[in-house]
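A.B. asks: Next input, structure requested:
(one chain, ligands or ions: 1)
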Amino acid sequence: MTENVLQQQTESKGHPKGLWVLFGTEMWERFNFYGMRAILTLFMVNSLVMKEADASLIYGGFLGLCYLTPMLGGFISDRFFGNRNCILLGGLMMAAGQFLLFTSASVFGANLDLAKTLMWVALTVIIFGNGFFKPNISSMVGSLYPKQEKSKLDTAFTIFYMGINLGAFLGQYICPTIGDVKNKIKLPDGTYKMLPNGAFDTIRDIHAFKWGFLAASIAMLIGTAVFFFLKNKYVVTPEGKPLGGLPKHNDASHYEEGEAQKAVFSTQSLIIAGIAFIALFFTFRYLLDGTNFVKTIIYPIIYSSGLTLAGLIISDKSLTKIELQRILVIYIVGFFIIFFWAAFEQAGSSLTFIADNQTDRSIFGWNMPPSMVQIFNGAFVFAFAFPFSMLWDKLRSKGKEPISTVKQAIGLGLIALSYFIIAHNVKDLGNSGLLAIKWLILLYLIQTFAELCLSPIGLSLVGKLSPKRFASLLFGVFFLSNAAGYALAGTLGSLIPATGDKFKKAQELGIDLQGILNKSITPTAEQLKTLDINQISATNPVFAGYEIHNLYEFFMVFVVLTGIAAIILFLLTPLLKKMMHGVK
Ligand code: GLN
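C.D. replies: Model prediction:
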């Protein structure tokens, strides 16, 4: 039996009821978030007639900003509104945002420009709503436990993580079921159109996405209501005092000694940071040249804010050498985590497009909607989160638990493996072959194992390594590294080459796309225009000077990036261990 379990038995039994209220609230919120994520890019491509590459870029920027605004939400909550109000405000904003997406998905047929505008407004509202909601709900989990019961926190967060993934699972089941609908095609003689392989041919109902967004909006309203009605009774300290009220009413005795201490930066260093931000912004803007708004404005904002904040913290003169080295460990780990999320977050963009366009999705005769394929991540987390935490407990009791950076290197290595397997399975597919869905399921299984090695421990590592006065800012830096990962995910996802459906479409239009792509034919201006209208690119994507010709090369980009990151992080471990000065 592990230390943790023993300790729990001597303390009050079980978990505070408030944990279940937060669990329920977060579950519905993640239902709303992941349900929408499942269908968002398909909606952009099919209803709002965007190119897949552009949808990937927008998606990456959206996710990235969702991890940038929590800095703001955390700040506003600490100074002005308190956790409770911010959760309610954020929940209502996200529900409103989803409702705007519902509106966008209802009007696009009549007015495409209005629909696009509504989508931008909706995403903006969701980004700010998420900023209010996410940091506040997570920090309330921690504050439910009195000091002497902090050892229960690891289990509490595992339970909370289950809530996240149960919500993701439900959302990714319901929203695709009602929002990502493909119908059989009826022929004039009353029979249905068949494919050469004997299956029914189908066509997507591009008007169905709205129901998925409406479901997401309702889910968020339920989550907000759960919190609103149950908070006073259950989200309380062991003595029954309300938690997360207005900051001026907060009871300081609940905080650990020294915890309330805040970092104070001099005006001079803030001005330097401001200038550095602007300089970095323009550098990134120059490096990421292009015409796309997300690529030239949003991504540079995300990358520069992370670096500026990181620099601002270590410029503080009061840091001791040990503190500085520990902070540097957070930065180094944060850097490697960028590659993890960049590869992991292909789920909602490129992997969904591949599931849609070049995958045989039949499972025991049932054809799974393409946007539902990502459900396997949530399902596997649900199945394996507890076994994994038991595995670590067991290894710990034998003194064999790997240190955090090794676990993270393993996580990165597993991601590389998952893409390596899939790369080899698409190698001989050609333009018309279909990938069997079992390979995508295997990919999500391995990626879930990777997530469980890396994601839950990241935050606790930051907590342990941060000097108290910089803790919340360093969490901010860590979130920003997630944000940078998502932005990179957008850039990498936009490298997706033409898949089977594009070749088929081009053929129907009488254009030899393969010939154009391998430059054996020069397309006419007319043909280029036709391809563009049909959202087909006439050139292959290029990454770091390499042309991506096919899905094999596309997946190998992820193998190389995460594989190299895994090896370097692993090799750095002895050094990082030294720099941690005793923190495990
Ligand atoms: N899947 C988890 C969530 O939605 C973790 C994501 C992350 O840490 N970037 O909260």
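A.B. asks: Which pLDDT value belongs to the residue of the stretch 251-400 of the chain found nearest the ligand?
C.D. replies: In the stretch 251-400 of the chain, the residue that lies nearest the ligand is W341 (5.9 Å; C-beta to the nearest ligand atom). Glycine gets a C-beta too; all of them are placed from N, C-alpha and C. We note a pLDDT of 97 for W341 in this prediction.
A.B. asks: need the contact list for it.
C.D. replies: Counting by C-beta atoms under 8 Å, 6 or more residues apart in numbering, W341 touches 482, 485-486, 488-489.
A.B. asks: Now with 7 Å, please.
C.D. replies: 482, 485-486, 489 (C-beta atoms under 7 Å, 6 or more residues apart in numbering).
A.B. asks: Could you do G171 as well?
C.D. replies: Shown in contact with G171 (C-beta under 7 Å, 6+ apart): 30-32, 34-35, 216, 219.
A.B. asks: which of those count as buried?
C.D. replies: With burial judged by 16 or more other C-beta atoms under 10 Å, the buried subset of these is 30-32, 34-35, 216, 219.
A.B. asks: Of those residues, just say which sits nearest to F555.
C.D. replies: Y34 (23.2 Å; C-beta to C-beta).
A.B. asks: Please tell me how far that closest one sits from the ligand.
C.D. replies: Here Y34 is placed at a distance of 7 Å from the ligand (C-beta to the nearest ligand atom, to the nearest Å).
A.B. asks: Which strand or helix spans that residue?
C.D. replies: Y34 is located in helix 17-46, with elements delineated by DSSP states H and E.
A.B. asks: mind listing what's buried in stretch 228-245?
C.D. replies: Residues of stretch 228-245 classed as buried by neighbour count (16+ other C-beta under 10 Å): 230-231, 235-237, 242-245.
A.B. asks: Format those as CSV; extra columns: secondary structure.
C.D. replies: As requested, the buried residues of stretch 228-245 are exported to CSV (DSSP: H, G, I helix; E, B strand; the rest coil):
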residue, secondary structure
L230, helix
K231, helix
V235, coil
V236, strand
T237, coil
P242, strand
L243, coil
G244, coil
G245, coil
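A.B. asks: if we can go back for a sec, how close does the residue of the stretch 251-400 of the chain closest to the ligand get to P402?
C.D. replies: Taking C-beta to C-beta, to the nearest Å as the measure, W341 falls 21 Å from P402.
A.B. asks: which parts of the stretch 301-450 of the chain sit against the ligand?
C.D. replies: Within reach of the ligand by C-beta under 6 Å from any ligand atom, the stretch 301-450 of the chain has these residues: W341.
A.B. asks: where do the helices sit along the stretch 301-450 of the chain?
C.D. replies: Here the stretch 301-450 of the chain has its helices, by DSSP state H, counting those that start in this stretch, at 321-344, 350-357, 375-397, 404-426, 437-465.
A.B. asks: which of the ones you listed sits most buried?
C.D. replies: Mean neighbours per residue, mean count of other C-beta atoms under 10 Å, is largest over those for helix 350-357, with a mean of 24.
A.B. asks: can you count the residues close to the closest residue to the residue of the stretch 251-400 of the chain closest to the ligand other than its chain neighbours?
C.D. replies: Spatially, and ignoring its direct neighbours in sequence, W341 is nearest to G485 (2.8 Å; C-beta to C-beta, 6 or more residues apart in numbering). Applying other C-beta atoms under 10 Å, we find 25 residues neighbouring G485.
A.B. asks: wouldn't G485 be in contact with F335 here?
C.D. replies: No. The pair G485 / F335 is not scored as a contact, 10.0 Å apart, by C-beta atoms under 7 Å.
A.B. asks: Find the closest residue to the ligand in the chain.
C.D. replies: Closest point on the chain to the ligand, by C-beta to the nearest ligand atom, is N482, at 4.4 Å.
A.B. asks: what secondary structure does that residue sit in?
C.D. replies: Following three-state DSSP, N482 is assigned to helix.
A.B. asks: give the contact list for the residue at minimal distance from the centre of the chain.
C.D. replies: By C-alpha atoms, centre = their mean, the chain has its centre lying nearest to E345, at 5.6 Å. Shown in contact with E345 (C-beta under 7 Å, 6+ apart): 63, 485-486, 489.
A.B. asks: Let me know the closest of these to M580.
C.D. replies: G485 (22.5 Å).
A.B. asks: if we can go back for a sec, and the angle for the helix or strand that the helix holding Y34 is followed by with helix 350-357?
C.D. replies: Where DSSP H and E defines the elements, the next helix or strand beyond helix 17-46 is helix 52-66. In terms of direction (axes from the mean of the first three to the mean of the last three C-alpha atoms, to 10 degrees), helix 52-66 departs from helix 350-357 by 140 degrees.
A.B. asks: packing partners for the helix or strand just after helix 52-66?
C.D. replies: Downstream of helix 52-66, the first helix or strand assigned by DSSP H and E is helix 69-76. The contact analysis (3 or more C-beta pairs under 7 Å, 6 or more residues apart in numbering; DSSP states H and E) places helix 69-76 against helix 82-107, helix 112-143, helix 471-493.
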